[in-house]
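Q: okay, predicted coordinates and the sequence, questions at the end:
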Amino acid sequence: MSVNSSDTLIDIQDLKFAYGQNQVLKGVNLKVPRGKIVAILGTSGCGKSTLLRLIGGQSRPAAGSVRVNGQTVHEMDDDALYLMRQKMGMMFQKSGLFTDLSTFDNIAFPMRERTSLPEPVIRDLVLMKLHAVGLRSAHSLMPNELSGGMQRRVALARAIALDPMLVMYDEPFAGLDPISLNVISNLIRRLNDALGVTSIVVSYDVVESLKIADYVYFISDGVVAAHGTVAEVNASSDPFVRQFVDSLHDGPVAFHYPARPYLADLRLGS
């Protein structure tokens, strides 16, 4: 993907990160252009969610750099990081709604925390965001009164509450029924285009991600294993890409966890 620096919102170069001795990211390079949806795909545990934490400044890299809107995230002080995060929205894998707050108050929370808007204005904005995800009439319901798909939509409304420049989605399709899944994927695409934001979708759901993404990165073994437009991914003959796109049970991502020969274990047991 070739884009001018002014068209790039996020620029990640040779990014490395480890949890103790577990080297999760071993030199990731990727760019996220403004106004687009970029999907980051890979198996569970490959470092996709860690990548989001590094973009948001919750974790610091061992090496390499993460630049967001021209600023190096891990070089920011607390005040600068707080200001940058005000321009970000996050939809968590399990919605992350405040269980003791109503749907309305969940959406209003970032507005009350980060702005000085009067309550009548907040009320109108909250109802606008809920209307955008089809849940305006559910504003008084508590999170435990919502279905899983409805909770995910409320989480999406909260993520866009302050019209951020960037929205990050951590496994937005996980655990949803087919109807709710289709609703969420369509909302991500529609809201991205309507609001002019930039979106990062982290997922292992290749089918849904390819429906809405403009560009795709595959992460494996701590690096970018493949990348391209949706058309390029669908036409790719790369074995790794084909395993994901075609849902093959074995391939570059092996079915068996690394182990010594099976017969060696059987002999030990005899």
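A: That came through fine.
Q: where are the low-confidence patches of the stretch 101-250 of the chain?
A: Judged against pLDDT under 70, the stretch 101-250 of the chain has no low-scoring part.
Q: quick one, strands of it?
A: Per DSSP state E, counting those that start in this stretch, the stretch 101-250 of the chain has strands spanning 166-170, 198-203, 215-220, 223-229. These are given in chain order.
Q: can those go into TSV with extra columns for mean neighbour count and distance to Pro261?
A: Just so you know, the C-beta spots here come from the backbone N, C-alpha and C atoms, and that holds for glycine as well. Written out in TSV, the entries for those read as follows (neighbours: other C-beta atoms under 10 Å; distance: least, C-beta to C-beta, whole Å):
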stretch	mean neighbour count	distance to Pro261
strand 166-170	23	38
strand 198-203	25	35
strand 215-220	24	24
strand 223-229	18	27
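Q: switch these over to a markdown table; also include distance to Arg60.
A: Formatted as a markdown table, the entries for those read as follows, by distance: least, C-beta to C-beta, whole Å:
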| stretch | distance to Arg60 |
| --- | --- |
| strand 166-170 | 18 |
| strand 198-203 | 19 |
| strand 215-220 | 19 |
| strand 223-229 | 19 |
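Q: to Tyr262, which of the ones you listed lies closest?
A: Closest approach to Tyr262 among the strands of the stretch 101-250 of the chain is made by strand 215-220 (24.5 Å; C-beta to C-beta).
Q: now do the closest one and strand 223-229, the angle between them.
A: Here strand 215-220 runs at an angle of 160 degrees relative to strand 223-229 (axes from the mean of the first three to the mean of the last three C-alpha atoms, to 10 degrees).
Q: list the pairing partners of strand 215-220 within its sheet, with orientation.
A: Take DSSP bridges as the rule and strand 215-220 pairs in its sheet with strand 37-41 (parallel), strand 223-229 (antiparallel).
Q: now do the longest helix belonging to the chain: everything it contacts.
A: For the chain, the helix reaching the highest residue count under DSSP state H is reported as helix 178-195. The contact list for helix 178-195 (C-beta atoms under 8 Å, 6 or more residues apart in numbering) reads 35-37, 132-134, 147-149, 152-153, 156, 160, 163, 167, 169, 172-173, 176, 197-199, 201, 208, 211-212.
Q: that helix to strand 37-41, inter-axis angle?
A: Counting by the same axes, to 10 degrees, helix 178-195 lies at 140 degrees to strand 37-41.
Q: any idea how far helix 178-195 is from the chain center?
A: Taking C-alpha atoms, centre = their mean, to the nearest Å, the mean C-alpha location of helix 178-195 is offset from the chain mean by 14 Å.
Q: tell me the angle it makes with strand 166-170.
A: Going by the same axes, to 10 degrees, helix 178-195 is angled at 170 degrees with respect to strand 166-170.
Q: mind listing what's buried along helix 178-195?
A: The neighbour-count criterion (16 or more other C-beta atoms under 10 Å) identifies 180-181, 183-185, 187-189, 191-192, 195 as the buried residues of helix 178-195.
Q: tell me the one among those residues nearest to Met111.
A: Closest approach between these and Met111, by C-beta to C-beta: Leu195, at 15.8 Å.
Q: and that closest one, how far from Glu75?
A: Distance, Leu195 to Glu75, using C-beta to C-beta, to the nearest Å: 29 Å.
Q: with Thr198 instead?
A: Applying C-beta to C-beta, one obtains 21 Å for the distance of Thr198 from Glu75.
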